[in-house]
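Engineer: Sequence and computational prediction follow.
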Amino acid sequence: MIYIFLIIGFILLIKGADFFVEGTASIARKFNVPSMIIGLTIVAMGTSAPEAAVSITSSLAGQNDISVANVVGSNFFNILIVLGVSSILATLPVQKNTIKKDTPLLIVSCILLLLFSFNSNISRIEGISFIICFTYFLVITIKSAKDADNEFVTEAATTAEGEAALQMIKDMPIFKTILLSTVGIIGIIWGGDMVVDSATKIATTLGMSENLIGLTIVAVGTSLPEFVTSVVATKKGETEIAIGNIIGSNIFNILLILGLASTITPLTISMFSLIDIIFMTIITILLYLFMKKNNSLIKLHGCIFILIYIGYMTYTIMR
């Protein structure tokens, strides 16, 4: 039953995020909010809603290892598996803006998290500083998109996939949009609670640490929206979506989700979590080097990423 509840929790998280995005984006459309702004805010945050729900729920429950491991595990799953698989399916060209601005910002976010973690604690003040950085990131991204004459939603904010989602938003009655948004929020909250509760019980039953559960089952489960979006986009030839989706999602995960979680309840960082954060920082830098060298991610990079993921997961399970 615990495993069934875990699966139900993931379904509620993912479908809840879908409903929330569709409902709130439709409401925003009714109030003539530009598609660009909807994409940079509602849709972008919606794709990170599963990670947010799990990390914040874990933080409130005092299960810091799951809270941190979920974000860190999702980030390196996004790079090593999502981009790894996508770049094996097709060469992923990288825009100059991604190399010059977006990926360096992700690296800075990783380093900032690493510096905060060295004292084994992320305080409320540090959490607030994350949120301030995220707000700045969002403002400059919106400004950057406006400067581009609104031709395309900037990939830095995880919202390249938002363009496709926005095209599918229908003109629904206001009652239906409010209902969808409400059901979505309930699904996200309820699903997050079920995932955290089930994962904790599984960890206890199998003698596994919360850190391991967070890095594997929970991280992979909450990254399913990004995985499906990027792989489908790549197969359809929309390769710029795959990279923009991941870079922005990882920035969201660190600055917004851990920022909110540590502002609500200061997070204790275990030695294992610190090692995982160091690993996440290293592979983010490796991603940047790969992109800068070829202005694209190729099949060789994808194979290297997947092998690194298998190796690190083997190490994680053995430790």
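Structural biologist: In hand now; what should we look at?
Engineer: packing partners for the longest helix belonging to the chain?
Structural biologist: Counting by DSSP state H, the longest helix found in the chain is helix 174-206. Applying 3 or more CB pairs under 8 Å, 6 or more residues apart in numbering; DSSP states H and E, one finds that helix 174-206 contacts helix 2-30, helix 49-60, helix 64-77, helix 210-213. Yep, even glycine has a C-beta here, placed from its N, CA and C like the rest.
Engineer: Just the strands from the stretch 201-319 of the chain, written as ranges.
Structural biologist: 267-268, 296-297 (DSSP state E, counting those that start in this stretch).
Engineer: starting at the chain centroid, how far to the first one?
Structural biologist: What it means is strand 267-268. Strand 267-268 sits 20 Å away from the centroid of its parent chain (CA atoms, centre = their mean, to the nearest Å).
Engineer: now swap in the last one and tell me
Structural biologist: Computed by CA atoms, centre = their mean, the chain-centroid distance of strand 296-297 equals 21 Å.
Engineer: what does stretch 312-319 give?
Structural biologist: 22 Å.
Engineer: ok, and what's touching it?
Structural biologist: 76, 80, 212, 215-216, 272, 276, 279 (CB atoms under 8 Å, 6 or more residues apart in numbering).
Engineer: about what we covered before: can I get the strands of the stretch 201-319 of the chain in JSON lines with distance to residue 223, mean pLDDT and mean neighbour count?
Structural biologist: Below are the strands of the stretch 201-319 of the chain laid out as JSON lines (distance: least, CB to CB, whole Å; pLDDT from 0 to 100; neighbours: other CB atoms under 10 Å):
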{"stretch": "strand 267-268", "distance to residue 223": "20", "mean pLDDT": "86", "mean neighbour count": "21"}
{"stretch": "strand 296-297", "distance to residue 223": "18", "mean pLDDT": "88", "mean neighbour count": "20"}
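Engineer: Take the ones you listed and lay them out in a markdown table including distance to residue 90.
Structural biologist: Output for the strands of the stretch 201-319 of the chain, formatted as a markdown table (distance: least, CB to CB, whole Å):
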| stretch | distance to residue 90 |
| --- | --- |
| strand 267-268 | 38 |
| strand 296-297 | 10 |
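Engineer: Out of these, which is closest to residue 99?
Structural biologist: strand 296-297 (10.3 Å; CB to CB).
Engineer: what residues does the closest one touch?
Structural biologist: 83, 86-87, 91-94, 243, 290-291.
Engineer: Go again with 7 Å.
Structural biologist: 83, 87, 91-94, 290-291 (CB atoms under 7 Å, 6 or more residues apart in numbering).
Engineer: Please identify the pairing partners of it and their relative orientation?
Structural biologist: If you go by DSSP bridges, strand 296-297 pairs up with strand 92-93 (antiparallel).
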